[in-house]
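Asker: One predicted model, sequence on top.
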Amino acid sequence: MIAGAGLDRERDRTVAARSGRLKRRGLAPLGLAGLAAALAAAPAGGLATACRRAQESTVYPSDFEPGPPLGDPPRPDPGARGVEYLTRVAPRFAQPWSAFLGDVRLRLPPGHELNRPGLSALLLLDIDEQGDLVAMHVPGPSGVQAFDDAALDVAREA
């Protein structure tokens, strides 16, 4: 057995799974090879790194002008219950979520449903004492299934 051979197969399955999710969102024709290459080249870099590298190496559609870049996410309410914990774990979610939104902004026209500024989904995550995700669901869907699926994907991978 060759050391590390199983990792390549696992990475291939991960790329294939992510590719399937992108196809369901209508993103596959626009640089999927670049995204797959970025994922394969940087498996430890995570989704945010892979999306950033794919964006850097992908030719985007030229039949529309992308919307403006997104700003920073809002800061949590300092008086909110559990704000210390949320502040510690937020980067695990914020970086890949920002990469997803940035990728959608560049690949899809501003009028596409995934680019609607008011989209919001509420996720409920069940996390055990070791910090592992036990269960999750969407009690407050956005009304756009692809958006909700992306939010679940980011939570699952964080």
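Answerer: Good, I have the coordinates. Residues are numbered from 1 along each chain as shown.

Asker: Show me what counts as buried in the longest helix anywhere in the chain.
Answerer: In the chain, taking DSSP state H as the definition, the longest helix is helix 83-107. The neighbour-count criterion (16 or more other CB atoms under 10 Å) identifies 90, 92-93, 95-107 as the buried residues of helix 83-107. Where C-beta positions appear, they are placed from N, C-alpha and C, glycine not excepted.

Asker: the helices in the chain, which residues?
Answerer: Counting by DSSP H, the helices of the chain are 5-24, 32-41, 46-57, 83-107, 145-157.

Asker: Could I get the average pLDDT for the longest one?
Answerer: Summarised as a single mean, pLDDT over helix 83-107 is 89.

Asker: hmm, back to that, and the buried residues of helix 83-107, which is closest to D63?
Answerer: Proximity of those to D63 (CB to CB) peaks at R107, which lies at 11.7 Å.

Asker: is it true that that closest one touches D63?
Answerer: No - using CB atoms under 8 Å, R107 is not in contact with D63; the gap is 11.7 Å.

Asker: so how far is A90 from L133?
Answerer: According to CB to CB, to the nearest Å, L133 stands 15 Å off from A90.

Asker: Check P73 too.
Answerer: P73 is 8 Å from A90, by CB to CB.

Asker: got any ranges where this structure has weak pLDDT?
Answerer: 1-59 (pLDDT under 70).

Asker: burial of the spatially closest residue to M136 that is not a sequence neighbour, as a residue count?
Answerer: Spatial nearest neighbour of M136, chain neighbours left out: L125 (4.9 Å); criterion: CB to CB, 6 or more residues apart in numbering. Using other CB atoms under 10 Å, L125 has 15 neighbouring residues.

Asker: I'd guessed L125 sits against R156; true?
Answerer: No - contact criterion CB under 8 Å: L125 and R156 do not qualify, at 9.7 Å.

Asker: any common contacting residues for the two?
Answerer: 133, 136 (CB atoms under 8 Å, 6 or more residues apart in numbering).

Asker: Specify the strand with the largest residue count in the chain.
Answerer: Identified as the longest strand of the chain according to DSSP state E is strand 133-140.

Asker: Any figure for the gap between G102 and D132?
Answerer: 28 Å.

Asker: One more: F64?
Answerer: Relative to D132, and taking CB to CB, F64 is found at 41 Å.

Asker: From the neighbour counts alone, determine which of those two ranks first.
Answerer: Applying other CB under 10 Å to F64 and D132 shows that F64 carries more neighbours, namely 13 against 8.

Asker: Before I go, just wanted to say thanks for your time.
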